[in-house]
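Engineer: quick one, fold the following:
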Amino acid sequence: MPESWLTLASLSFRRHRSGGTQKSSQLSKRPNNYQSRVKTDFWKNKQQWSHRPPPDVYHPQIDPNNILAFFETEIKAWSQGRSLPERLELLGVPPDEFRPFIKTFVRAVQNGELSTPEAQKKYDLDRFVRQIDDGNPIPIIDAIYNTILYAWAAEPAQAQLLLSSGLSPATLTSISSLTKVGDLSFPAELYPEARREHRKVIMHVGPTNSGKTHNALRALAASGVGMYAGPLRLLAHEIWERLNLGQIVPLGVEEKPPTPIAADNDTALDVSVARKLGNPEYARACNMLTGEEQRIVDDAAPLLACTVEMISTSKVYDVAVIDEIQMIADEMRGGAWTKAVLGLCAKELHLCGEETAVPIVQALLKDTGDEIIINRYERLSPLYLEEKSLEMDWSKVRKGDCIVTFSRSSIFGIKRQIEKHTSFRCAVVYGRLPPELRSEQAALFNDPNSGYDIIVGSDAIGMGLNLKIGRIIFETASKWDGIEERTLSTSQIKQIAGRAGRYGLQGNVKPGGYVTTFSPKDMAPIQKALDAPPIPLTHARLTISPESFLAFYLALPTNATTKAVLTAHQYLTRLPPYLRLQTVHHKVIGYLCEFLDTRTPNFTIADRTLCVDAPFPLNDPFALDIVNAFIEAYHSDMKTDLWPILEGTRLVENLEQIETRMQKSDSNVTVDMLAQLESLHKAVVFYVWMTFRRPVSWHCFEEVSVLKTRVEMALDWALQSITKAQEGVAEHRKKAKAEAITYRRFFGSEDSAKPGISQTMERAKNEPRRATSTL
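Structural biologist: As a prediction, this is how the structure comes out:
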């Protein structure tokens, strides 16, 4: 049933998962049991922070022609919500002032004072309809009422009324300050440096394999100072490599045939000549920066390839290229694309991606003075959906096939099955594969004479990796998203399927790309997605910035908690219709706020903001143990040594044991050993992430880089060795996730810490850093 303050009057309800609808009778009065409360207080549950609805959540269907009726009818029930007093106290309203404050507001709404056409526009009441589809509607409606409450109370015209009702001048001042901070109606003003530039924004939009990124990259190669930003480190690495090797012809330069380039001197890999074709005349010095890795070719290199979260809005570029612009609407990462569109100081800003992003970009840049040019592209070769699937038979694969799956363990399982039942050999590509190995695997597949005629990979393949694919085969049409197994979105399916039939691919009997599935049951959703017309994006996402975190902190009562600051962001931020706040996962809010507010009281605001963005492995209690030790060392000493904390832990001992087996070619690897490697990798990635943001305190960059490579090599070897234990791996991960739900060592007492952590913490303070070993 819906949350108790939401009435059944004038509403119909839709069960989120079943798709069935249930019409309510048109009641003039609330049902007799209206005041009854559900057993679980939704608003105090950590789930309130997740915008994804649980399976049994009902969605109110609000009549868009009668929003005022909903607004006025539900206000009283909303005001009686059990979490509201606690929230307003967190935001600075004293308990004894809560009731007169809310009572005065409810009376004003019920009297129609906020229902005039002017008020409806001022408070943007259309949000009740516009945002209702954005996940669980209950916290969304709650937040809308809350922002209207504060916007109304902050108006000078209401001051005397509120003071006479019992609010203190200090509370009224606090409400006004918070409302001012939360007003982000003009987000472009957050980036004054970019507004001083007259930017030319060139959008390259079209389907996959349309060549839309080609001209943008050529402009980048011809620029004096430039930057490429994409969604994946694999993409950043590919562009970094191509620019340094002269594989991208600068715009305005006549293209010449590629020539072989010698293999890198700093790698022991037997790099194929096919991967190294390029023209030294076109080579540009380019550095690379991602959340996990940096590669410095030259400190003065004029070009940079990075992931979109690593962009700088303070540096001025001649040309900046932002790839996969449609991800601006992604609920977890979209804020980084919005920051790039609004904040990059570039004379030319190239945005590459789907046509669906055009209206949102136009809305974002409407009042900036930027010039917008839209270049539209068509596919360079047709795309066909085959009539039949593989019918669960891997022997039906053919040369040039790419099988897409969604877990590393599945990748190696499929590789083994294909090589067992056919004469083909398979290359593999996935996100955690070290970049050199990934490039080598791609080169083997692209080379028609290498003997590697099939490639098996993750959905990273859909993000523009340079692969000559004849046919895409979906191993499944669903993917685990961290919460549940979900059918792939239309955009995801089109993005992945579109990689088939890359322009210039030779060998197809009929020119074009082909798509099919492994299982017959997945053909219908794939066909539906491919036939669907593009639907324009309705909104972009805005992330919590260090500046807004600090502004809310200063506007809240003294010594405000992290939870209070994040609550203010969710319930007081007012955005234009084309923007919504980026989702902060409820686990981050519930667990991380508790940790920051109780275990690290001396953290600065900058450190708190950093931790909110950091990749905490909240689903992995073993990785969390290590991260706990890292953070506590940083909090107590402002210095985080790597090896004194890691040495002696079972995760490192497990790595050393696997490395020994690698040297002896002993492939006896257990599921638990693989899981411990994955846990160590998460902890290592966390440390690497911190080194890029706090390099003085998290100073062991060289050591952690070596360790990260060791872990990834061991993971690659272990995954291949354990392919036959797929069922056991899945069961172990399921068990680990269940354990993580109740795991509390990260926030519990010191007595509950894993044996070895407290001792290694002492060594971190007393012992010198040890040298790292390599294979």
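
Engineer: for the rest of this, base every contact and every neighbour count on C-alpha atoms.
Structural biologist: Fine.

Engineer: quick one, helices of the stretch 501-650 of the chain?
Structural biologist: Per DSSP state H, counting those that start in this stretch, the stretch 501-650 of the chain carries helices over the ranges 523-531, 546-555, 562-572, 586-587, 593-599, 605-613, 621-637, 643-646, 650-663.

Engineer: mind saving the C-alpha coords of the first one as PDB?
Structural biologist: What it means is helix 523-531. Taking C-alpha atoms only, helix 523-531 is exported to PDB below (Å, rounded to 0.1, in the frame of the first residue of the first chain):
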ATOM      1  CA  MET A 523      14.900 -12.200 -29.000                       C
ATOM      2  CA  ALA A 524      11.700 -10.300 -28.200                       C
ATOM      3  CA  PRO A 525      13.100  -7.600 -25.900                       C
ATOM      4  CA  ILE A 526      16.100  -7.100 -28.300                       C
ATOM      5  CA  GLN A 527      13.700  -6.700 -31.300                       C
ATOM      6  CA  LYS A 528      11.500  -4.400 -29.300                       C
ATOM      7  CA  ALA A 529      14.400  -2.100 -28.400                       C
ATOM      8  CA  LEU A 530      15.900  -2.000 -31.900                       C
ATOM      9  CA  ASP A 531      12.500  -1.100 -33.400                       C
END
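
Engineer: and for that helix, what are the contacting residues?
Structural biologist: Applying Cα atoms under 8 Å, 6 or more residues apart in numbering, the contact partners of helix 523-531 are 385, 388-389, 477, 489-491, 493-494, 516-517.

Engineer: quick one, which of those residues are buried?
Structural biologist: Buried members of those, counted by 16 or more other Cα atoms under 10 Å: 385, 389, 477, 490-491, 493-494, 516-517.

Engineer: need the residues you listed in CSV with distance to Val688, secondary structure and pLDDT, can you?
Structural biologist: Output for the buried ones among the contacts of helix 523-531, formatted as CSV (distance: Cα to Cα, whole Å; DSSP: H, G, I helix; E, B strand; the rest coil; pLDDT from 0 to 100):
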residue, distance to Val688, secondary structure, pLDDT
Leu385, 42, strand, 95
Ser389, 42, coil, 96
Ala477, 33, coil, 91
Thr490, 34, helix, 89
Ser491, 31, helix, 85
Ile493, 32, helix, 92
Lys494, 33, helix, 91
Thr516, 39, strand, 97
Thr517, 38, strand, 96
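
Engineer: which one of those residues is nearest Glu281?
Structural biologist: The shortest approach to Glu281 among the buried ones among the contacts of helix 523-531 belongs to Lys494, at 36.5 Å (Cα to Cα).

Engineer: report the separation between that closest one and Gly353.
Structural biologist: Computed as Cα to Cα, to the nearest Å, the Lys494 to Gly353 distance reads 12 Å.

Engineer: give me the low-pLDDT residue ranges for the stretch 51-200 of the chain?
Structural biologist: 51-61, 133-135 (pLDDT under 70).

Engineer: all strands of it, in order?
Structural biologist: Secondary structure of the stretch 51-200 of the chain by DSSP state E, counting those that start in this stretch: the strands cover 58-60, 200-205.

Engineer: leaving out sequence neighbours, find the closest residue to Ala194.
Structural biologist: Of all residues not flanking Ala194 in the chain, Cys345 sits nearest, at 4.8 Å (Cα to Cα, 6 or more residues apart in numbering).

Engineer: right, I mislabeled it, should have said Met327
Structural biologist: Distances taken as Cα to Cα, 6+ apart place Gly334 nearest to Met327, at 5.6 Å, with adjacent residues excluded.

Engineer: for that neighbour, what are its contacts?
Structural biologist: Applying Cα under 8 Å, 6+ apart to Gly334 gives the contacts 327-328, 540-543, 582.

Engineer: try it again at 10 Å.
Structural biologist: Gly334 is in contact with 308-309, 325-328, 539-543, 580-583, counting by Cα atoms under 10 Å, 6 or more residues apart in numbering.

Engineer: now the strand ranked longest in the chain: how far from the chain's centre is it?
Structural biologist: When the chain is parsed with DSSP state E, its longest strand is strand 345-353. Relative to the centre of its chain, strand 345-353 is centred 21 Å away, using Cα atoms, centre = their mean, to the nearest Å.

Engineer: now do it and strand 200-205, the angle between them.
Structural biologist: Relative orientation of strand 345-353 versus strand 200-205 (axes from the mean of the first three to the mean of the last three Cα atoms, to 10 degrees): 10 degrees.

Engineer: ok, the residue nearest to Ala194 - how many residues close by?
Structural biologist: Other residues lying near Cys345 total 27 when counted by other Cα atoms under 10 Å.

Engineer: please renumber the chain so that the first residue is 38 from this point on.
Structural biologist: In the new numbering, first residue 38, that becomes Cys382.

Engineer: is it in a bridge, and if so with what?
Structural biologist: Here Cys382 sits in beta bridges with Val353, as judged by DSSP bridges.

Engineer: hmm, it is touching Val358, no?
Structural biologist: No. Assessed by Cα atoms under 10 Å, Cys382 is found out of contact with Val358, at 11.8 Å.

Engineer: on that earlier part again, reformat the contacts of helix 560-568 as a markdown table; add distance to Asp407.
Structural biologist: Below are those laid out as a markdown table (distance: Cα to Cα, whole Å):
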| residue | distance to Asp407 |
| --- | --- |
| Leu422 | 41 |
| Lys425 | 49 |
| Ser426 | 48 |
| Ala514 | 40 |
| Ser526 | 32 |
| Thr527 | 31 |
| Ser528 | 28 |
| Ile530 | 33 |
| Lys531 | 31 |
| Thr553 | 43 |
| Thr554 | 44 |
